[in-house]
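Novice: what's the 3D shape of this:
(one chain, ligands or ions: 1)
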Amino acid sequence: MKQECKRCLLLESAEGGMLESIKEKIDKLSPEEKCESEVYNERLKKCKSCDNLISGVCMKCGCYVEFRAAFKKQKCPNVSDRKW
Ligand code: SF4
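Specialist: Modelled structure (predicted):
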């Protein structure tokens, strides 16, 4: 049985295949859609310290944070404590 990894990104978990798929999707985003890499890394840093992150998935929205965070226009979905 696979264990949930609290506060892990896909990058750090065994979900390597999913991470590759997400990276391919991110690569296809236009510059207008995709956020700067510094912003992306800062967002993921905040997700890593968030109780809502489990095995790369945000429990507030069900998204893989490594994908959601790549979009310029996306926000942290936690309206009561928005971290980014
Ligand atoms: S609630 Fe916000 S900071 Fe927490 S995991 Fe989800 S997107 Fe990241």
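
Novice: hey, which helix or strand in the protein has the poorest pLDDT?
Specialist: Lowest by mean pLDDT, DSSP states H and E among the helices and strands of the chain is helix 16-27, with a mean of 88.

Novice: and it, how far from the chain's centre?
Specialist: Centroid separation between helix 16-27 and its chain, computed with C-alpha atoms, centre = their mean, to the nearest Å, is 11 Å.

Novice: buried sites along it?
Specialist: Neighbour counts using 16 or more other C-beta atoms under 10 Å place 18-19, 22, 26 of helix 16-27 among the buried residues. Glycine gets a C-beta too; all of them are placed from N, C-alpha and C.

Novice: And for stretch 36-48?
Specialist: 40, 43-44, 46-47.

Novice: With pLDDT, secondary structure and distance to Leu10 as extra columns, can I get the residues you listed in CSV?
Specialist: Supplementary listing: these in CSV, determined by pLDDT from 0 to 100; DSSP: H, G, I helix; E, B strand; the rest coil; distance: C-beta to C-beta, whole Å:
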residue, pLDDT, secondary structure, distance to Leu10
Tyr40, 98, helix, 14
Arg43, 98, helix, 14
Leu44, 97, helix, 10
Lys46, 97, helix, 16
Cys47, 97, helix, 11
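
Novice: Also near the ligand: which of these, exactly?
Specialist: Within the set of the buried residues of stretch 36-48, contact with the ligand (C-beta under 6 Å from any ligand atom) is found for 46-47.

Novice: Closest one to the ligand out of the buried residues of stretch 36-48, please.
Specialist: Cys47 (3.3 Å; C-beta to the nearest ligand atom).

Novice: residues in contact with the closest residue in space to that closest one that isn't next to it in sequence?
Specialist: Spatial nearest neighbour of Cys47, excluding adjacent residues (C-beta to C-beta, 6 or more residues apart in numbering): Val65 at 4.4 Å. By C-beta atoms under 8 Å, 6 or more residues apart in numbering, the residues touching Val65 are 9, 43-44, 47, 53, 56-58.

Novice: Surely Cys35 and Arg68 touch.
Specialist: No: Cys35 lies out of contact with Arg68 (C-beta atoms under 8 Å); the separation is 10.5 Å.
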